[in-house]
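> fold the following.
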Amino acid sequence: MEQKVAPSVRQDAFPIPRWEFIALAAALMAVNALAVDIMLPALQQIGAALNVESENHRQYVITAYFAGLALALLAYGPISDQFGRRKPLLFGLGIYVLAAFAAAFAPSFETLLLLRFVQGIGAASTRVIAVSVVRDRFGGRQMAEIMSLIFMVFMVVPVVAPAMGQIVMLFSEWHMIFIVMAVSALAITLWAAIRLPETMHPEDRRPLSVMSIARGFRTVLTTRMSLWYTLASMTIFGALFGFINSAQQVYVGLYGLGVWFPAVFAAIAGMMSVSSFLNSRLVVKFGMRKLSHGALIGFLLVSAIWLVWSLTGPVPFPAFIVLFALAMFQFGWIGSNFNSISMEPLGHIAGTASSVQGFMQTLGGGMIGAAIGQSFDGTTVPLAIGFCGVASIGLVMVLIAEKGKLFRGQHDPKPAVAEVH
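Down below sits the predicted model:
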């Protein structure tokens, strides 16, 4: 059995400019944010129109989407490692567009949840393949820099999507939100079909067999850095999902922001975008670990302050928004760096690695987020407990990954060995 070591960075020429590659990869990832954030202002109307009695049950529109996304992630990685990145990506985007169009005409809440589940299945292709094409091209600190820039552009969607949804609701009904979602995704699909080249090199293709898939999964799950940083990302993303699930209830129901809800939501997303830009500038100099470990500790401290304040009484809106903004700023330094660290040793199976990691982050994070969201009781206490809890667990997982030593200097790890059959 011959063995080779996969290079961490591709040095050959690339047919589209760097800025367009970043923008396109960000747009592909953004269809997920669009599927969630644009409809947040419509959850109340959807619940009323489709006879959803419980306010917390409206969150299932988001939960169903994440469930379909998580389950399909396992399939797209091995498929893209066999057939390349382009075909599975365009296939998944097609499912997403069709499901979004159909959701506009859903006659019942159950039908809407089913279509949202299907939409998530289609969207999984973008989550897996956007990360895979970046890892096909870049490694180490370069990947962290590119992922930070992608995340910065990606965060434009949470900035504008709730406002788009609010504008649609002013002039139409909730059905039109799904039409806007479908048309936007169709435009991104055409852009990818025309401009995105195949990034996977033929020598990296893996056979689509049970044994090959099992070996790939085993490699991901037995690589210490990959496993524990993925689990840490999963817990931190759980906090974000939890807030997204209950954002409308917090901003509108608890703090009475009304039509100003999209503006405040956009401001927080803008803070995360600024954070990602700063990370892209700093990560090359300081390394992924120093930045992300410091941000994780900061995230934990801010969450602890928020929790103590919440337990002593209602948190005034100005204090809440400052604490939450600080937490989300540090989230921008955690997400892209953790993802890059976990992908670094797995370049030769980028599709499968992204698939397994995405499945764990989305399903696990979605379940954590659903638990946090469903525990909403009209106060910020459940959210504060959730944020502080996941930050503590995430720190433990990073300590396991790093064998108890934080802030280590960045080392280029030995690439994982790929089997050639």
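> show me where the stretch 51-200 of the chain has strands.
Secondary structure of the stretch 51-200 of the chain (DSSP state E, counting those that start in this stretch): no strands present.
> can you pull out the low-pLDDT segments for it?
140, 155, 158-159 (pLDDT under 70).
> just the pLDDT at W228, thanks.
The model reports W228 with a pLDDT of 93.
> just A267 next, same as before
Each residue has a pLDDT score; the one for A267 is 83.
> excluding chain neighbours, what is closest to it?
A325 (7.6 Å; Cβ to Cβ, 6 or more residues apart in numbering). C-beta here means a position set from N, CA and C on the backbone, and glycine is covered the same way.
> give me phi/psi at the one you found?
Main-chain torsions, A325, degrees, to the nearest 10: phi -60, psi -40.
> now the strand or helix carrying R289: buried residues?
In this assignment (DSSP states H and E), R289 forms part of helix 288-312. Within helix 288-312, the residues that count as buried by 16 or more other Cβ atoms under 10 Å are 288-300, 302-303, 305-307, 309-310.
> tell me what that helix is packed against?
helix 224-248, helix 261-286, helix 317-343, helix 381-401 (3 or more Cβ pairs under 8 Å, 6 or more residues apart in numbering; DSSP states H and E).
> averaging pLDDT over each of the ones you listed, which comes out lowest?
Comparing mean pLDDT over those, the weakest stretch is helix 261-286, at a mean of 82.
> got the angle for it vs helix 224-248?
Orientation check (axes from the mean of the first three to the mean of the last three Cα atoms, to 10 degrees): helix 261-286 against helix 224-248 gives 160 degrees.
> just want the angle from helix 261-286 to helix 288-312.
Between helix 261-286 and helix 288-312, the angle comes out at 140 degrees (the same axes, to 10 degrees).
> mind listing the helices for the stretch 51-200 of the chain?
60-83, 86-103, 109-137, 140-154, 156-171, 174-195 (DSSP state H, counting those that start in this stretch).
> do you know which of the ones you listed lies nearest M360?
Among the helices of the stretch 51-200 of the chain, the nearest to M360 by Cβ to Cβ is helix 60-83 (8.6 Å).
> output that closest one as PDB, restricted to C-alpha atoms.
Provided in PDB are the C-alpha atoms of helix 60-83 (Å, rounded to 0.1, in the frame of the first residue of the first chain):
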ATOM      1  CA  TYR A  60     -39.200  24.700  15.100                       C
ATOM      2  CA  VAL A  61     -39.100  26.500  11.700                       C
ATOM      3  CA  ILE A  62     -35.400  27.100  12.500                       C
ATOM      4  CA  THR A  63     -34.800  23.800  14.200                       C
ATOM      5  CA  ALA A  64     -36.200  21.800  11.300                       C
ATOM      6  CA  TYR A  65     -33.800  23.500   8.900                       C
ATOM      7  CA  PHE A  66     -30.800  22.800  11.100                       C
ATOM      8  CA  ALA A  67     -31.900  19.100  11.500                       C
ATOM      9  CA  GLY A  68     -31.900  18.600   7.700                       C
ATOM     10  CA  LEU A  69     -28.700  20.500   7.400                       C
ATOM     11  CA  ALA A  70     -26.900  18.400  10.000                       C
ATOM     12  CA  LEU A  71     -28.000  15.000   8.700                       C
ATOM     13  CA  ALA A  72     -27.100  15.700   5.000                       C
ATOM     14  CA  LEU A  73     -23.700  17.000   6.000                       C
ATOM     15  CA  LEU A  74     -22.500  13.400   6.400                       C
ATOM     16  CA  ALA A  75     -23.300  12.600   2.800                       C
ATOM     17  CA  TYR A  76     -21.900  15.600   0.900                       C
ATOM     18  CA  GLY A  77     -18.300  15.200   2.200                       C
ATOM     19  CA  PRO A  78     -17.600  11.700   0.900                       C
ATOM     20  CA  ILE A  79     -19.500  12.500  -2.300                       C
ATOM     21  CA  SER A  80     -17.400  15.600  -2.900                       C
ATOM     22  CA  ASP A  81     -14.200  13.700  -2.200                       C
ATOM     23  CA  GLN A  82     -15.200  11.300  -5.000                       C
ATOM     24  CA  PHE A  83     -16.900  13.500  -7.600                       C
END
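> for that helix, name the packing helices and strands.
helix 18-37, helix 86-103, helix 109-137, helix 210-222, helix 224-248, helix 350-359, helix 365-374.
> out of the ones you listed, the one nearest A269 is which?
Among the helices and strands packed on helix 60-83, helix 18-37 comes nearest to A269, with 8.1 Å by Cβ to Cβ.
> keeping just the C-alphas, turn that closest one into PDB.
C-alpha atoms of helix 18-37 as PDB (Å, rounded to 0.1, in the frame of the first residue of the first chain):
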ATOM      1  CA  ARG A  18      -8.600  36.000  -4.700                       C
ATOM      2  CA  TRP A  19     -11.200  38.600  -3.900                       C
ATOM      3  CA  GLU A  20     -13.900  36.900  -6.000                       C
ATOM      4  CA  PHE A  21     -13.000  33.500  -4.500                       C
ATOM      5  CA  ILE A  22     -13.500  34.900  -1.000                       C
ATOM      6  CA  ALA A  23     -16.700  36.600  -2.000                       C
ATOM      7  CA  LEU A  24     -18.100  33.500  -3.600                       C
ATOM      8  CA  ALA A  25     -17.200  31.200  -0.700                       C
ATOM      9  CA  ALA A  26     -18.800  33.700   1.700                       C
ATOM     10  CA  ALA A  27     -21.900  33.900  -0.500                       C
ATOM     11  CA  LEU A  28     -22.200  30.100  -0.500                       C
ATOM     12  CA  MET A  29     -21.900  30.000   3.300                       C
ATOM     13  CA  ALA A  30     -24.400  32.900   3.600                       C
ATOM     14  CA  VAL A  31     -27.300  31.000   2.100                       C
ATOM     15  CA  ASN A  32     -27.500  29.300   5.500                       C
ATOM     16  CA  ALA A  33     -27.600  32.600   7.300                       C
ATOM     17  CA  LEU A  34     -30.200  33.800   4.800                       C
ATOM     18  CA  ALA A  35     -32.400  30.800   5.400                       C
ATOM     19  CA  VAL A  36     -32.600  31.700   9.100                       C
ATOM     20  CA  ASP A  37     -32.100  35.400   9.600                       C
END
